[in-house]
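Student: okay, sequence plus prediction incoming.
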There are 2 protein chains.
Amino acid sequence: MSKILVFGHKNPDTDTITSALVYAYLKQQLGVDAEAVRLGEVNNETAFALEKFGFDAPRLVEKVAPEAAEVILVDHNEFQQSAEDIQDVTISEVIDHHRIANFETANPLYYRAEPVGCTATILNKMFKENDVEVPANYAGLMLSAIVSDTLLLKSPTCTPQDVKAATELAAKAGVNLEEYGLAMLKAGADLSDKSLEDLLSLDAKEFEMGSSKVIIAQVNAVDVNDVLSRQAELELLLNKEVAEKGLDLFFFVVTDILNNNSVAVPAGYLATRSAEAFGTILVNNQIELKGIVSRKKQIVPTLTEVFQ
Amino acid sequence: MSKILVFGHKNPDTDTITSALVYAYLKQQLGVDAEAVRLGEVNNETAFALEKFGFDAPRLVEKVAPEAAEVILVDHNEFQQSAEDIQDVTISEVIDHHRIANFETANPLYYRAEPVGCTATILNKMFKENDVEVPANYAGLMLSAIVSDTLLLKSPTCTPQDVKAATELAAKAGVNLEEYGLAMLKAGADLSDKSLEDLLSLDAKEFEMGSSKVIIAQVNAVDVNDVLSRQAELELLLNKEVAEKGLDLFFFVVTDILNNNSVAVPAGYLATRSAEAFGTILVNNQIELKGIVSRKKQIVPTLTEVFQ
């Protein structure tokens, strides 16, 4: 059996990177020649987690077909978020916690999606189902993914399963959940070394909503004004992206990780309608998103419903 | 919580009908108000299984949105095989063993697909995972589904998991696997009360392959000549379907359940290419499919690859 590549989405976040590492490890224990790879740069938050638990980042690849006939997707399924040449390989498994869209296979596969806060929460169950022990360092990776995706268990995406898994994994990893979690989130929210260009692509995902092409980027911050103070420059960049990529909407979201609110700056001809989708209006070209922190559960469904 | 409808595909087969009944039962045991329904007539094989284990067929519905906001799909995912108004409801779960295509949700969901021979094989695991005992009559339904989908464990779709589940379920249901299985398949292959029109729709599924619209219908027979002796009349009907539904291909397959071979009669402008897809040519407008019995594993992927 030839090598199987395991990877998450483009513009990788902590769940995507760690889930690739963790699931590749689990598959290896089950006798599969699996290797974790990544489709983009590792962000500050993920780098903090990898270093804490003694891992190198997975190898960076752009295309997957030249080196593998078979791949496993973690933490995503939509083809526009995946490897460029995803249609040229066989997807044998998907482990994910997102909606399903723009995904298609010719053959039956193992597809496991659960409506939980984090891919790692599903992977933690899969270790048990397969009677494989979770080593302390891999427990640390999974814990980091849950903290990241649920904003330290505070996001509305967080389920009792995520809380249970995080508690269990923190114990296995030998760290204090709250202390380690906040330190990791703060490392990710440290935007001091980031240009505005970086912020646009750091955690950007593309979606097809009806016939509209939408990018939603999200940045975590301890103080949203670190970003919003540069709004004029930001809008120039957003409009440039809209023009270059033929977008109907670029929805740029800054999330306050301490107070669990967000502010969006939209660009593209659907900007006004994107504000209306949240029952509000554009003020100074910003949309105030009170209590909204989850792209997956609060932003994507709201925009999808209006644009479809 | 309001009622959740559980159903399989149009032109229901034994796995689709029984999996709806079985999974609705499991969800009920877990405290969910679930009801199994069906999207079409019950075939002879399924009627035999339902009667044997003392079940009525689920209620027939055409639309689902008028009576439920939330639905669970079993044994299918492609929208053109589902309820007409499937896009108007929330799909909260899918339990399936087919490829994924033309399927999309706005929200995360529980999606469980495994590359096994039958939905019932997955459901049998889910009873165990949820610590719910399988009653003898429901074991009989699941056994019937496995026998049907794997042609009594002989189809290439059949996996060791299906064999194990069938053996276990036959014991629970108190029947002899071989004897009961053959009797059920023969009941399904009894075409004496069927018109050719019936045969065209009995187990027909629609697929989008690239830009091509394809229907693949499959009929089981003890003697394929029961059907092929009426080929002239059959071709008239196939061409009528092609014209009325704007099809690129109607691929009609008669499967010899005793010898595990098939013969296809194709109609539509892709007929010649459909023969080429199997490395053969049309002879008397028939395609000989030696050793081919599985639409899912042998026919759909072969045609998809050529038409995409």
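Tutor: Structure's in. What do you need? Residues are numbered from 1 along each chain as shown, chains lettered A, B, ... in the order given.

Student: what are the ranges of the helices in chain A?
Tutor: A:14-29, A:44-52, A:119-129, A:136-149, A:160-173, A:177-189, A:196-202, A:225-228, A:231-245, A:271-277, A:300-307 (DSSP state H).

Student: between the ones you listed, which one is closest to chain B.
Tutor: Nearest of the helices of chain A to chain B, taken as CB to the nearest CB: helix A:300-307 at 4.5 Å. (Each C-beta comes from the backbone N, C-alpha and C, glycine too.)

Student: how distant is that closest one from the center of its chain?
Tutor: In terms of CA atoms, centre = their mean, to the nearest Å, the centre of helix A:300-307 is found 18 Å from the chain centre.

Student: buried ones in it?
Tutor: Within helix A:300-307, the residues that count as buried by 16 or more other CB atoms under 10 Å in any protein chain shown are A:300-304, A:306-307.

Student: with stretch A:253-267 instead?
Tutor: Applying 16+ other CB under 10 Å to stretch A:253-267 flags A:253-257, A:260-267 as buried.

Student: mind listing what A:Ile100 touches?
Tutor: Residues counted as contacts of A:Ile100 (CB atoms under 8 Å, 6 or more residues apart in numbering or on different chains) are A:77, A:113, B:100, B:103-105, B:109, B:111.

Student: again with A:Asn124
Tutor: Neighbour list for A:Asn124: A:134, A:142, A:165, A:168-169 [criterion: CB under 8 Å, 6+ apart].

Student: what does A:Ser229 give?
Tutor: Applying CB under 8 Å, 6+ apart, we find A:Ser229 in contact with no residue.

Student: state the distance from it to A:Ile86.
Tutor: Separation of A:Ser229 from A:Ile86 (CB to CB, to the nearest Å): 38 Å.

Student: and chain A, which residues reach chain B?
Tutor: Residues of chain A lying near chain B by CB under 8 Å from any CB of the partner chain: A:97-115, A:296-297, A:300-301, A:304-305, A:308.

Student: of the residues you listed, grab the buried ones for PyMOL.
Tutor: Buried residues within the residues of chain A next to chain B, by 16+ other CB under 10 Å, are selected in PyMOL with:
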select buried, chain A and resi 97+98+99+100+101+103+104+105+106+107+108+109+110+111+112+113+114+115+296+297+300+301+304
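
Student: just how off-centre is stretch A:150-169 within its chain?
Tutor: With CA atoms, centre = their mean as the basis, stretch A:150-169 stands 15 Å off its chain's centre.

Student: over to stretch A:48-63?
Tutor: Relative to the chain's own centre, stretch A:48-63 is displaced by 15 Å; criterion: CA atoms, centre = their mean.

Student: next one: stretch A:286-303
Tutor: Here stretch A:286-303 is found 15 Å from its chain centre; the criterion is CA atoms, centre = their mean.

Student: for the nearest residue to A:Thr105 once chain neighbours are set aside, give me the pLDDT.
Tutor: Of all residues not flanking A:Thr105 in the chain, B:Arg99 sits nearest, at 4.7 Å (CB to CB, 6 or more residues apart in numbering or on different chains). B:Arg99 carries a pLDDT value of 94.

Student: OK, contacts around B:Arg99?
Tutor: Contacts for B:Arg99 (CB under 8 Å, 6+ apart) come out as A:104-109, B:296, B:300-301.

Student: same check, this time on A:Phe79
Tutor: By CB under 8 Å, 6+ apart, the contact list for A:Phe79 reads A:86-87, A:102-104.

Student: give me the neighbour count for A:Lys290.
Tutor: 11 (other CB atoms under 10 Å in any protein chain shown).

Student: tell me how far the residue nearest to it when sequence neighbours are not counted lies from A:Leu228.
Tutor: Leaving aside its sequence neighbours, A:Lys290 sits nearest to A:Asn261 (CB to CB, 6+ apart; 5.6 Å). To A:Leu228, A:Asn261 is 12 Å away according to CB to CB.

Student: would you agree A:Asn274 is in contact with A:Pro266?
Tutor: Heads up, residue A:274 is Ser, not Asn. Yes - counting by CB atoms under 8 Å, A:Pro266 is a contact partner of A:Ser274 at 4.7 Å.

Student: shared neighbours, those two?
Tutor: Common contacts of A:Ser274 and A:Pro266 (CB under 8 Å, 6+ apart): A:249, A:251, A:287.

Student: in the stretch 151-300 of chain A, what residue lies closest to chain B?
Tutor: Residue nearest to chain B within the stretch 151-300 of chain A: A:Lys296 (6.5 Å; CB to the nearest CB).

Student: list the contacts of that residue.
Tutor: By CB under 8 Å, 6+ apart, the contact list for A:Lys296 reads A:97-99, A:157, B:108.

Student: let's see 10 Å
Tutor: Applying CB atoms under 10 Å, 6 or more residues apart in numbering or on different chains, we find A:Lys296 in contact with A:97-99, A:115, A:117, A:149, A:155-157, A:205, A:216, B:107-108.

Student: which members of those residues occur in strands, if any?
Tutor: Among the contacts of A:Lys296, the members falling in strands (DSSP state E) are A:205, A:216.

Student: of all the contacts of A:Lys296, which two lie farthest apart?
Tutor: A:Pro115 and A:Ile216 (19.1 Å; CB to CB).

Student: my read: A:Val6 touches A:Tyr23, true?
Tutor: Yes - under the criterion of CB atoms under 10 Å, A:Val6 makes contact with A:Tyr23 at 5.4 Å.

Student: which neighbours do the two share?
Tutor: Common contacts of A:Val6 and A:Tyr23 (CB under 10 Å, 6+ apart): A:34, A:36, A:72-74, A:93, A:95.

Student: shaky segments in the stretch 201-308 of chain A?
Tutor: For the stretch 201-308 of chain A, applying pLDDT under 70 flags no range at all.

Student: ok so, going back, let me see the contact set for the residue nearest to A:Lys290.
Tutor: Counting by CB under 10 Å, 6+ apart, A:Asn261 makes contact with A:224, A:254-255, A:288-293.

Student: nearest residue to A:Asp190 in space, please, no chain neighbours.
Tutor: Nearest residue to A:Asp190 in three dimensions, chain neighbours excluded: A:Asn44, at 5.9 Å (CB to CB, 6+ apart).

Student: contacting residues around that neighbour?
Tutor: For A:Asn44, the contact set (CB under 10 Å, 6+ apart) comprises A:184, A:186-194, A:202, A:220.

Student: can you pull the contacts of A:Glu114?
Tutor: A:95-97, A:121-122, A:125, A:159, A:161, B:93, B:108-112.

Student: closest one to B:Gln29 out of those residues, please.
Tutor: Nearest to B:Gln29 out of these is B:Glu93 (CB to CB; 15.2 Å).

Student: and the closest one, how many neighbours?
Tutor: Counted with other CB under 10 Å, the neighbours of B:Glu93 add up to 23.

Student: does it touch B:Ala113 like I think?
Tutor: No - the pair B:Glu93 / B:Ala113 is not scored as a contact, 11.3 Å apart, by CB under 10 Å.

Student: give me the common contacts of these two.
Tutor: Common contacts of B:Glu93 and B:Ala113, defined by CB under 10 Å, 6+ apart, comprise A:Ala113.

Student: including distance to B:Met209, could the contacts of A:Lys296 go into TSV?
Tutor: Converted to TSV, the contacts of A:Lys296 look like this (distance: CB to CB, whole Å):
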residue	distance to B:Met209
A:His97	30
A:His98	26
A:Arg99	24
A:Pro115	31
A:Gly117	36
A:Asp149	36
A:Ser155	40
A:Pro156	39
A:Thr157	36
A:Lys205	28
A:Ile216	32
B:Asn107	28
B:Pro108	28
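
Student: and the residue nearest to A:Ala139 when sequence neighbours are not counted, what does it touch?
Tutor: For A:Ala139, the nearest residue in space outside its immediate sequence neighbours is A:Lys172; the separation is 3.7 Å by CB to CB, 6+ apart. Contact analysis of A:Lys172 by CB under 10 Å, 6+ apart lists A:124, A:133-140, A:142-143.

Student: pull the most distant pair out of those.
Tutor: Counting by CB to CB, the most remote pair of the contacts of A:Lys172 is A:Glu133 and A:Leu143, 15.8 Å apart.
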